[in-house]
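K.L.:
here's my sequence, what's the structure:
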Amino acid sequence: MVRLLRPFGRAVTYTRLLHLFIAVVWPSMWLFIEEAWWIWVVAAVALAPAGLVPAMRTVEGLQARLLLTGHRHDSDSTGVVVAPSATWGDRGRLVVWLEARLVLGYATSTLVAQLLFATVDLVSAAFGRDFAEGKPFLDGHPWWHVLLAPLALVTLAVTVVASGHLITGLAHRLLGPSPAERLAAMEERTEQLLERTRIARELHDSIGHALTVAVVQAGAARAAGDPAFTDRALGAIEETGRAALEDLERVLGVLRESDRPVSSRPTLTDAGRLLESARASGAKVDVEMTGPLDTVPGPVSREGYRILQESLTNVLRHGDSVPARVRIAVEDGTLTLEIRNPLTAEIPEPGRGSGLRGIRERAALLGGHARTGPDRGDWQVHVELPVS
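P.N.:
Below is the predicted model:
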């Protein structure tokens, strides 16, 4: 019983009925001038060209969101589109919606009015009174007519709830997104997921690198017991931490402002600070750079920087102070990154770790390829990215 009465405790049940009544207000006003059936035909014909106006879809969509779904008009989770009609298919569906809303509104308002009058007439007839002018709804005045009033009220309640569900279903069908809009929304959602994945990689590479440098430097300073070395280690930790904070602030800025450009992200031309940070952490890094790095396209250069950062982080994490050889070359339309260091007792298993997986994924997204793993006594990260 409670479940059956639950819809009548929701405001959306009554706003849906209001939405249907609004659809028949303007043709009903003509009835005060001339009461004729052809007025409804004229109203139906007049709605057809109105549905061809692109902005009409926005008007109807906002009404449907506010009155039919129970959500705010600016909510995107209603399944109703408020964008103007972009295609003839959208216009056609809007014309059908306007006509269906008029017909359903007329049928619902007429039935609701008749059921209300019937209820009053049944009660009035039982007491021998005429509520309306002329004959009452039922001739005679038997007392048991009042027992039929609840049946009319139940029918009225069913009409209100059923018509509300029907008009809401039509709104989702006729005012919902078209296949093209669904595809665009899916592409936008995909872009958002890719952006989140990119941000996760950014945080992993930047913060992971900074923490690795800090841990290595702090451990080395404690073991050395040399005040001068400790000062250098603290300086390196401070510099690396400041750079990590800048990266963190930039990534959080991207989260706060989805339209913020990524042009401020570091590129391979800023690789010097990575190399200096690794050297300050105790690693011996030999670097060989060939080719015009400044001509590498921004996306490729930015991802190359992150690949180099993750590779150096792995060197510091697993190789302690072993020497590392870094080669960065731009030639024949290809950017080549190669980072090698002697194998130690702690060898990452192939395919393990989000860092190495991220390197391979970055390379694949840019149309290149990456190899990570042991090679001739060294641990190697070899990445080739197209720059054309």
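K.L.:
which strand or helix spans the residue nearest to the spatial centre of the chain?
P.N.:
The centroid of the chain falls nearest to residue 189 when counting by Cα atoms, centre = their mean (5.1 Å). Under the criterion of DSSP states H and E, residue 189 resides in helix 179-224.
K.L.:
and stretch 301-308, how far from the chain's centre?
P.N.:
27 Å (Cα atoms, centre = their mean, to the nearest Å).
K.L.:
quick one, strands of this protein?
P.N.:
284-290, 323-331, 334-342, 369-375, 378-386 (DSSP state E).
K.L.:
for those strands, which one sits closest to residue 80?
P.N.:
In terms of Cβ to Cβ, the element of the strands of the chain nearest to residue 80 is strand 378-386, at 44.1 Å. C-beta: built from backbone N, CA, C; applies to glycine.
K.L.:
pLDDT on that closest one, on average?
P.N.:
Averaging pLDDT along strand 378-386 gives 90.
K.L.:
partners of it in the sheet?
P.N.:
Looking at strand 378-386 with DSSP bridges, its partner strands are strand 334-342 (antiparallel), strand 369-375 (antiparallel).
K.L.:
now the ones you listed in CSV, with distance to residue 214?
P.N.:
Output for these, formatted as CSV (distance: least, Cβ to Cβ, whole Å):
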stretch, distance to residue 214
strand 334-342, 20
strand 369-375, 24
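K.L.:
show me the one of those strands that comes nearest residue 105.
P.N.:
Among these, strand 369-375 comes nearest to residue 105, with 62.3 Å by Cβ to Cβ.
K.L.:
for the closest one, what is the distance to the chain centroid?
P.N.:
The chain centre lies 36 Å from the centre of strand 369-375; the measure is Cα atoms, centre = their mean.
K.L.:
how much space between residue 97 and residue 236?
P.N.:
From residue 97 across to residue 236, the span is 66 Å (Cβ to Cβ, to the nearest Å).
K.L.:
my bad, residue 88
P.N.:
According to Cβ to Cβ, residue 88 and residue 236 sit 65 Å apart.
K.L.:
compare the two (neighbour count), which wins?
P.N.:
A count of neighbours by other Cβ atoms under 10 Å puts residue 236 above the other of residue 88 and residue 236, at 23 against 9.
K.L.:
the more buried one against residue 212, yeah?
P.N.:
No. Assessed by Cβ atoms under 8 Å, residue 236 is found out of contact with residue 212, at 11.8 Å.
K.L.:
if we can go back for a sec, and the strands paired with strand 378-386: which comes nearest residue 169?
P.N.:
strand 369-375 (50.6 Å).
K.L.:
what lies in contact with that closest one?
P.N.:
Applying Cβ atoms under 8 Å, 6 or more residues apart in numbering, the external contacts of strand 369-375 come out as 307, 340, 343, 347, 350, 356, 359-360, 362-364, 379-384.
K.L.:
what about burial for those, which qualify?
P.N.:
307, 340, 343, 356, 359-360, 362-363, 379-384 (16 or more other Cβ atoms under 10 Å).
K.L.:
redo the strands paired with strand 378-386 as CSV? Include distance to residue 38 and mean pLDDT.
P.N.:
Putting those into CSV (distance: least, Cβ to Cβ, whole Å; pLDDT from 0 to 100) gives the following:
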stretch, distance to residue 38, mean pLDDT
strand 334-342, 75, 91
strand 369-375, 74, 88
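K.L.:
please identify the most buried of those.
P.N.:
For these, average neighbour numbers computed from mean count of other Cβ atoms under 10 Å are highest in strand 334-342, which has a mean of 20.
K.L.:
and that one, how far out from the chain middle?
P.N.:
37 Å.
K.L.:
CA atoms only for that strand - export them in PDB, please.
P.N.:
Output of strand 334-342 as PDB, limited to C-alpha atoms (Å, rounded to 0.1, in the frame of the first residue of the first chain):
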ATOM      1  CA  THR A 334      62.700   9.600 -35.400                       C
ATOM      2  CA  LEU A 335      63.400  10.500 -31.800                       C
ATOM      3  CA  THR A 336      65.500   7.800 -30.100                       C
ATOM      4  CA  LEU A 337      65.800   7.600 -26.300                       C
ATOM      5  CA  GLU A 338      68.200   5.000 -24.800                       C
ATOM      6  CA  ILE A 339      69.000   4.700 -21.200                       C
ATOM      7  CA  ARG A 340      71.300   2.000 -20.100                       C
ATOM      8  CA  ASN A 341      72.900   1.100 -16.700                       C
ATOM      9  CA  PRO A 342      74.700  -2.100 -15.500                       C
END
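K.L.:
quick one: residues in contact with that strand.
P.N.:
Residues contacting strand 334-342 (Cβ under 8 Å, 6+ apart): 268, 296, 300-301, 304, 307-308, 311-312, 315, 319, 322-330, 368, 375, 377-387.
K.L.:
hmm, try it at 7 Å
P.N.:
When contacts are defined by Cβ atoms under 7 Å, 6 or more residues apart in numbering, strand 334-342 is touched by residues 296, 300, 304, 307-308, 311-312, 315, 319, 322-329, 377-387.
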